[in-house]
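S.K.: What follows is a predicted protein model with its sequence.
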Amino acid sequence: MTEQKLFAYGSQGEWTATPDGNRRRVVLHTDELMMVEFAFEKDGIGWLHSHPHVQASYVAEGRFEVTVGGKTEILSAGDSFIAPSNITHGVKALEAGRLIDSFTPHRADFLK
């Protein structure tokens with residue numbers, strides 16, 4: 001049995017390009033929960049999409065136009081949002097910024 005990683009450090013983790021032109025790094029994960037950091041340049045788009053995972057997102061840096069279930073709001077550093085399972089959501093970076101996303105269960109597609 002593999003030992004579970006319980007701590008992560010900002011200098012660790014490999015950045016991966018996302019299909020929508022941004023980048024992400026998986027911070028930590030278990031089968032039940034995953035934390036992922038996303039980085040966006042100004043005007044970067046996180047395409048509208050949905051997935052069966054519940055997603056909670058925290059704006060660590062920058063300002064984003066966030067759409068969840070057809071409702072759009074402007075969020076800044078310190079703000080957050082939840083995208084329930086199978087609800088369409090996406091973001092536009094109004095300035096360079098970072099989102100910290102948690103998914104339950106984990107996103108197996110991010111581990112490939």
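M.R.: Thanks, I have the structure now. What you are looking at is a predicted structure, and each value in this text was computed from that prediction instead of being measured.
S.K.: And the pLDDT for the residue positioned nearest the centre of the chain?
M.R.: Centroid-nearest residue in the chain: residue 101, 3.5 Å away (criterion: Cα atoms, centre = their mean). pLDDT for residue 101: 98.
S.K.: Then the one 3 residues further on?
M.R.: We note a pLDDT of 97 for residue 104 in this prediction.
S.K.: So it versus residue 31, what's the distance?
M.R.: 10 Å (Cβ to Cβ, to the nearest Å). All C-beta spots, glycine's among them, are computed from the backbone N, C-alpha and C.
S.K.: Tell me which of these two has more neighbours.
M.R.: residue 104 (15 against 10; other Cβ atoms under 10 Å).
S.K.: picking up where we left off before, how about the residue nearest to the centre of the chain, what does it touch?
M.R.: By Cβ atoms under 8 Å, 6 or more residues apart in numbering, the contact set of residue 101 is 35-38, 55-58.
S.K.: Select only the buried ones of those in ChimeraX?
M.R.: Command for ChimeraX that selects the buried part of the contacts of residue 101, burial taken from 16 or more other Cβ atoms under 10 Å:
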select :35,36,37,38,55,57,58
